[in-house]
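Colleague: Attaching a predicted model along with its sequence, questions to come.
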Amino acid sequence: MIRLLSLVLAAGTCLWAASSLAAEEAKPEAPKPAGALADIVARIPNDDRAAAEKACAELLRLGPKGVTDLCALLVEPGKGDDSRARFAVHGLALYVSRPGAEPERLMVCQALREQLGGPMPTAVKGFILRQLRLMACPAAVAAISGSLLNEELCEYAAHALVSIGGEGAAKALRDALPKAKGKCRLTIIQDLGVLRDAPSAPELLKAAAESDREIRLAALYGLGNIGDAAATDVLLKASNVEAAYERAKATEAVLLLAGRLAEADKKREAEQIYRTLWKTRTDPKDRHVRCAAISGLAAVLGAGAMDDLVAAMKSDDPQVRAAAIEAAAAAPGDEATRKWADLAKTMPPAARADILALLARRGGPVAVGAVLDAMKDADEFVRLEAINAARSFGDEKVAAPLIALLPSKNDKEKQAARRSLERMPGEKVTGAVAAAMASAPTPLVKRDLLGIMAARGARGRVDVILAAAKDPDEGVRADALSALEGLADEASAPAILSLLLAAKTPNERQAAEKALGAVCGRASRKDACVDAVLGAMGSADGSTKCALIRVLGRTGSAKALGAVRAAAKDAAAEIQDAGIRALADWPEPSVAGDLLEIAKTGTKPAQQVLALRGYIRLANVPPERPVAEKLKAYEQAMSVAKRPDEKKMVLGALGDLKDPAAMEMAVAALADAALKEEAAAAAVKIAKNLGGNPKDRIKAAMGKVLEVTKNDGTRKDAEQVLQKVK
């Protein structure tokens, strides 16, 4: 509460100030405070929390008279500027509402309530009522109730009584209702409903038959929220009127009534309402009502709603069936699960599929058995739904029949089984999949099992995957190596290195290279991987040696860098190319100089392009590198680029910088006919990111772009930039 007070007083965000003070003009005849009160009011509002609290404390020390004198400063809107006084009263109301301030709250409450009986303007009384609502002081009930029949004040008064709550506030509203007219009557009916005032139910029943629609609807809501069973017939009748809006609101009220009756343990009465709605609201546009009714019956009757849920499950409307599933899933007990499992055998295919989904959510041995049985159903749709439902069970007993489906000629079933095995929870399922590798009937099944282990993140089964990497079938070996790429850790690096050295085909060598590179790249002890790879280099053939060089490039290790640099200068073209590729893919910028030199002096165009591309990439590593350094790197790249395509690569990277000098570097390239459109696009992209500054340099650059570009999109963007910097 103190925090809220400080926000109101410090920031000046009082709702009244936002809605009415902005429209007022200062008036010289507004009352002026005197003495100590004047000093306090002069310090409000205050942007310092402690000072604001101090001002409120000082106001309280002035006692009831101080509060009365403060209220005397309030004037009708348009009659003077009383904003400081209003801030002070509002802040005081909040301040005394803090925990532990009951005596202070009562004092302020008594002072404010006395204002309601005086000659104060109506608009000011409305302001006072809003403060009493904030304070929620029971001592003010009698004073507040005097405004319930005033059309301008009744809403403020009624809401204040709701805030106070209790029998006293409810009685005040109840006593005023027979005399209230129009807006006041509507407000009182609404708030009696909010308070759930049971003694007012007879009057609300009368109001529910009035000619005024808003009065009727407010009374219906109130009766529903009160939970008066005597109102059942009235609300049900109202929910069947033809007018769509009134029908919808009355239906909300009758559902609310059913819920309140259920809360009060009046289950029979609630059941009657839900059954009536279920039987009578059969139009498809009322499916939401039927859904609410079936959910309500399940909540009220528990297992006793089984027949109703079965009926709902037979509906042609999938939304109704979904509501029945939601309701059934919440019903406790194995007996309910058993009933649903038995029922699944007799229902139409669509309903059986829904029940299988329900059983998967309920879980337990009975549900598992039912799903396993359904996987053998004569209907393919039901079988597929059973296979999908099986993914909810982390049980090797369920995994086994799914694994048995992997050799199936029915591709739908096979793929559904694989998806379920990939998503089923539990290490036991992973173990069952790994164990199945030994008895897999075909290489294709082994490959499916490897894919499932990869999808499940089976890091604890790397030994099984390593064994599969030596399988007689090349496809199995390749899939095993692909799985190792994501699952193996550095402990497996020696074994994967051996697989790389023993690779029988280029595809297998490439898969082993990727796996070893990934493992060494994420290893915590990279030098151990590097040492093993370097040790194997001497005896490796040309193709394998190239693969090992590329693996070294994945590590980013200083120990590996020497070997990679040496390879980049090797006399053998194949080794040299591998070394340059490794440098071009190096993960950190220490090789930037090597790449720039290769781009500058290399004799093979492909190697020059690789080196330049790698150099441009490293210019932005790390991303937080100073812009000036990035710009210098791009300038160097542009100076060594020999062909337009290479220069376009530089311009593409340059466009990501947010710097006027980068924009001007792009503009300089406009003179080259082969580059002008890429240069124009880069210049405009940079200019858009500069936020309009420096204006003169942006104007000059965009002017040059517009002189050169023939691209309609670039021209339009440049013109928009110019419009923003004018």
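Modeller: Received it, and whenever you're ready, just let me know what you need. Numbers count the residues shown, from 1 in each chain.

Colleague: How about the secondary structure of the residue of the chain positioned farthest from its centre?
Modeller: Of all residues in the chain, the one whose C-alpha sits farthest from the chain's mean C-alpha position, using CA atoms, centre = their mean, is residue 571 at 57.0 Å. In terms of secondary structure, residue 571 is coil; the call rests on DSSP: H, G, I helix; E, B strand; the rest coil.

Colleague: where does it fall, phi/psi-wise?
Modeller: Taking degrees, to the nearest 10, you get phi -70, psi -30 for the backbone angles of residue 571.

Colleague: That one and residue 579, how far apart?
Modeller: When distance is defined by CB to CB, to the nearest Å, residue 571 is 12 Å away from residue 579. For the C-beta atoms, the positions are set from N, CA and C on the backbone; glycine is no exception.

Colleague: what number of residues lie near residue 700?
Modeller: Around residue 700 there are 14 other residues, counting by other CB atoms under 10 Å.

Colleague: sorry, that was for residue 235
Modeller: Using other CB under 10 Å as the criterion, residue 235 is surrounded by 26 other residues.

Colleague: Kindly report the same for residue 670.
Modeller: For residue 670, the neighbour count with other CB under 10 Å is 21.

Colleague: OK, contacts around it?
Modeller: Taking CB atoms under 8 Å, 6 or more residues apart in numbering as the criterion, residue 670 is in contact with 676, 679-680, 683, 704-705, 708.

Colleague: if we go to 6 Å?
Modeller: With contact taken as CB atoms under 6 Å, 6 or more residues apart in numbering, residue 670 is in contact with 676, 679, 704, 708.

Colleague: For the last one, give its distance to residue 675.
Modeller: Spatial separation of residue 708 from residue 675 under the definition CB to CB is 10 Å.

Colleague: which residues are common contacts for these two?
Modeller: Taking CB under 6 Å, 6+ apart as the criterion, residue 708 and residue 675 do not both touch any residue.

Colleague: Which secondary structure elements does the longest helix along the chain sit against?
Modeller: In the chain, assigned by DSSP state H, the helix with the most residues is helix 244-263. Counting contacts by 3 or more CB pairs under 6 Å, 6 or more residues apart in numbering; DSSP states H and E, helix 244-263 packs against helix 213-226, helix 232-238, helix 267-280, helix 287-301.

Colleague: can you put these in CSV and add distance to residue 353 and mean pLDDT?
Modeller: Formatted as CSV, those follow (distance: least, CB to CB, whole Å; pLDDT from 0 to 100):
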stretch, distance to residue 353, mean pLDDT
helix 213-226, 37, 96
helix 232-238, 35, 95
helix 267-280, 23, 95
helix 287-301, 18, 93
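
Colleague: With respect to residue 630, which of these lies nearest?
Modeller: Put simply, out of the helices and strands packed on helix 244-263 the one that sits nearest residue 630 is helix 287-301, at 58.1 Å, with distance taken as CB to CB.

Colleague: what's the closest one in contact with?
Modeller: 251, 255, 258, 262, 267, 270-271, 274, 277-278, 281, 305, 308, 312, 317, 319-320, 323-324, 327.

Colleague: Quick one: mean pLDDT for the very next helix or strand once past it?
Modeller: Under the assignment DSSP states H and E, the closest C-terminal helix or strand after helix 287-301 is helix 306-313. For helix 306-313, mean pLDDT is 86.

Colleague: Check the offset of helix 306-313 from the chain's centre.
Modeller: For helix 306-313, the distance from its own C-alpha centre to the chain's C-alpha centre is 35 Å (CA atoms, centre = their mean, to the nearest Å).

Colleague: Flag every buried residue along it.
Modeller: Along helix 306-313, the positions that meet the burial threshold by neighbour count (16 or more other CB atoms under 10 Å) are 306, 308-310, 312-313.

Colleague: Stretch 138-155 too?
Modeller: 140-141, 143-149, 153-155.

Colleague: mind checking the end-to-end distance for that stretch?
Modeller: For stretch 138-155, the first and last residues are 18 Å from each other (CA to CA, to the nearest Å).

Colleague: mind checking how far it is from the chain centre?
Modeller: Relative to its chain's centre, stretch 138-155 lies at 44 Å (CA atoms, centre = their mean).

Colleague: what's that stretch in contact with?
Modeller: With CB under 6 Å, 6+ apart as the contact definition, stretch 138-155 has outside contacts at 109, 113, 116, 122, 125-126, 132, 157, 160-161, 164, 168-169, 172, 176, 180, 183-184, 187.

Colleague: Could I get the average pLDDT for the helix or strand residue 143 falls within?
Modeller: Following DSSP H and E, the helix or strand that holds residue 143 is helix 141-145. Helix 141-145 shows a mean pLDDT of 95.

Colleague: With distance to residue 669 added, can I get the buried residues of stretch 138-155 in CSV?
Modeller: Written out in CSV, the entries for the buried residues of stretch 138-155 read as follows (distance: CB to CB, whole Å):
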residue, distance to residue 669
140, 77
141, 80
143, 80
144, 77
145, 81
146, 82
147, 77
148, 79
149, 81
153, 74
154, 75
155, 69
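
Colleague: Closest one to residue 196 out of those, please.
Modeller: Each of the buried residues of stretch 138-155 was scored against residue 196 by CB to CB, and residue 141 proved nearest at 17.7 Å.

Colleague: Skipping adjacent residues, who's closest to that closest one in space?
Modeller: Counting by CB to CB, 6 or more residues apart in numbering, residue 168 is the residue found nearest to residue 141 once chain neighbours are left out, at 4.7 Å.

Colleague: Just the element for that neighbour, please.
Modeller: When secondary structure is defined using DSSP H and E, the element that contains residue 168 is helix 166-176.

Colleague: How far does that helix sit from its chain's centre?
Modeller: For helix 166-176, the distance between its averaged C-alpha position and the chain's averaged C-alpha position is 44 Å (CA atoms, centre = their mean).

Colleague: now do stretch 87-97
Modeller: Between the mean C-alpha location of stretch 87-97 and the chain-wide mean there is a distance of 38 Å, by CA atoms, centre = their mean.

Colleague: Same check on stretch 380-400?
Modeller: Between the centre of stretch 380-400 and the centre of its host chain there is 30 Å, according to CA atoms, centre = their mean.

Colleague: In that stretch, which of the residues would be classed as buried?
Modeller: Under the neighbour-count criterion of 16+ other CB under 10 Å, stretch 380-400 has 382-393, 395-396, 398-399 buried.

Colleague: any idea of the mean pLDDT for that stretch?
Modeller: Stretch 380-400 comes out at a mean pLDDT of 92.

Colleague: Alpha carbons only: can I get that stretch in PDB?
Modeller: What follows is stretch 380-400, C-alpha atoms only, in PDB (Å, rounded to 0.1, in the frame of the first residue of the first chain):
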ATOM      1  CA  GLU A 380      -6.100 -49.200 -39.200                       C
ATOM      2  CA  PHE A 381      -7.200 -45.800 -37.800                       C
ATOM      3  CA  VAL A 382      -7.600 -47.300 -34.400                       C
ATOM      4  CA  ARG A 383      -4.200 -49.100 -34.600                       C
ATOM      5  CA  LEU A 384      -2.500 -45.800 -35.500                       C
ATOM      6  CA  GLU A 385      -4.100 -44.000 -32.600                       C
ATOM      7  CA  ALA A 386      -3.100 -46.800 -30.200                       C
ATOM      8  CA  ILE A 387       0.500 -46.500 -31.500                       C
ATOM      9  CA  ASN A 388       0.400 -42.800 -30.900                       C
ATOM     10  CA  ALA A 389      -1.100 -43.200 -27.500                       C
ATOM     11  CA  ALA A 390       1.700 -45.600 -26.500                       C
ATOM     12  CA  ARG A 391       4.200 -42.800 -26.500                       C
ATOM     13  CA  SER A 392       2.700 -41.700 -23.100                       C
ATOM     14  CA  PHE A 393       4.000 -44.800 -21.300                       C
ATOM     15  CA  GLY A 394       7.600 -45.100 -20.300                       C
ATOM     16  CA  ASP A 395       7.400 -48.900 -20.200                       C
ATOM     17  CA  GLU A 396       9.600 -51.500 -21.900                       C
ATOM     18  CA  LYS A 397       6.500 -53.700 -22.200                       C
ATOM     19  CA  VAL A 398       5.000 -51.100 -24.500                       C
ATOM     20  CA  ALA A 399       8.300 -50.400 -26.300                       C
ATOM     21  CA  ALA A 400       8.600 -54.100 -27.400                       C
END
